[in-house]
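**Q** could you look at this predicted model? Sequence included:
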Amino acid sequence: MADADWITAAVTRFERPLLVYVRGLLGRTGREADVVQEAFLELCRASRKDVEPKLAPWLFTVARRRALDHLRKERRMTVLTTDPPSVARSAADLLEQQDSTESVMARLGRLPAPQQEVVRLKFLEQFSYREIAGVTGLSESHVGVLIHTAIQSLRRSFTESETPLEARS
């Protein structure tokens, strides 16, 4: 496959996931596409033989750095958000899934930013702890601790919301 075809294939495969990831870091600012475009421009300048074996983590790392550069310029952090993927099913199933997804995403949005980021990379992008560590610059064990803590917090938040009001007093 020629380099141009390889880059086109990379854009086709990773543009949407990168947009979702960067939107989670920046929020809906309108700059997400610019950050992703910068990542692909860097891919065009990179050596294919160095990047190809680790393409997904490499792209997410570059996009993360670019997004953080944008945030540093503004000197503020925003709440992470994302558009959850939807699967076509019956209207009732779709509505139930949407309610569940919105509930999880709302609770995820209340977690500290580092926990949100590693959970998104693990469960939305299906990255390994090693790949997440490479993207975020954290150790694999720290990634594991963040994911464990986030999952415990999410479980606790669902358990607390299901507790009857009388029992909460």
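**A** Now that the structure is in, tell me what you want to look at. Nothing here was measured: the structure is a model prediction, and the numbers come from that model. Numbering: from 1, shown residues only.
**Q** C-alpha from now on. contacts and neighbour counts both.
**A** OK.
**Q** quick one: end-to-end length of stretch 17-35, please.
**A** Stretch 17-35 has an end-to-end distance of 13 Å (Cα to Cα, to the nearest Å).
**Q** may I see the buried residues of it?
**A** Of the residues in stretch 17-35, those buried under the neighbour-count criterion (16 or more other Cα atoms under 10 Å) are 17-28, 31-33, 35.
**Q** so for that stretch, mean pLDDT?
**A** Mean pLDDT, stretch 17-35: 87.
**Q** for this structure, give me the ranges with low pLDDT.
**A** Scanning the chain for pLDDT under 70 picks out 1-2, 74-99, 161-169.
**Q** helices of this structure, start to end?
**A** For the chain, applying DSSP state H gives helices covering 3-26, 32-45, 48-51, 55-74, 91-108, 113-119, 129-136, 140-162, 165-168.
**Q** neighbours of Phe14, how many?
**A** Here the count is done by other Cα atoms under 10 Å, and Phe14 has 16 residues near it.
**Q** so that it lines up with my notes, have the first residue be 612 from now on.
**A** Taking 612 as the first residue, the last one we looked at is Phe625.
**Q** contact partners for it?
**A** Ala667 (Cα atoms under 8 Å, 6 or more residues apart in numbering).
**Q** what of Val729?
**A** Ile743, Val754, Leu757, Ile758.
**Q** and which of the residues you listed is nearest Val673?
**A** Val673 lies nearest to Ile743 out of those, by Cα to Cα, at 12.7 Å.
**Q** grab the nearest non-local neighbour of Leu719.
**A** Gln727 (6.2 Å; Cα to Cα, 6 or more residues apart in numbering).
**Q** that neighbour: how many residues sit nearby?
**A** Gln727, neighbours per other Cα under 10 Å, totals 24.
**Q** roughly how far does it sit from His759?
**A** 12 Å.
**Q** pipe the contacts of Val729 into JSON lines and attach distance to Arg766 and neighbour count per row.
**A** Listed next are the contacts of Val729 as JSON lines, based on distance: Cα to Cα, whole Å; neighbours: other Cα atoms under 10 Å:
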{"residue": "Ile743", "distance to Arg766": "22", "neighbour count": "26"}
{"residue": "Val754", "distance to Arg766": "18", "neighbour count": "25"}
{"residue": "Leu757", "distance to Arg766": "14", "neighbour count": "19"}
{"residue": "Ile758", "distance to Arg766": "12", "neighbour count": "22"}
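**Q** alright, that wraps it up for me.
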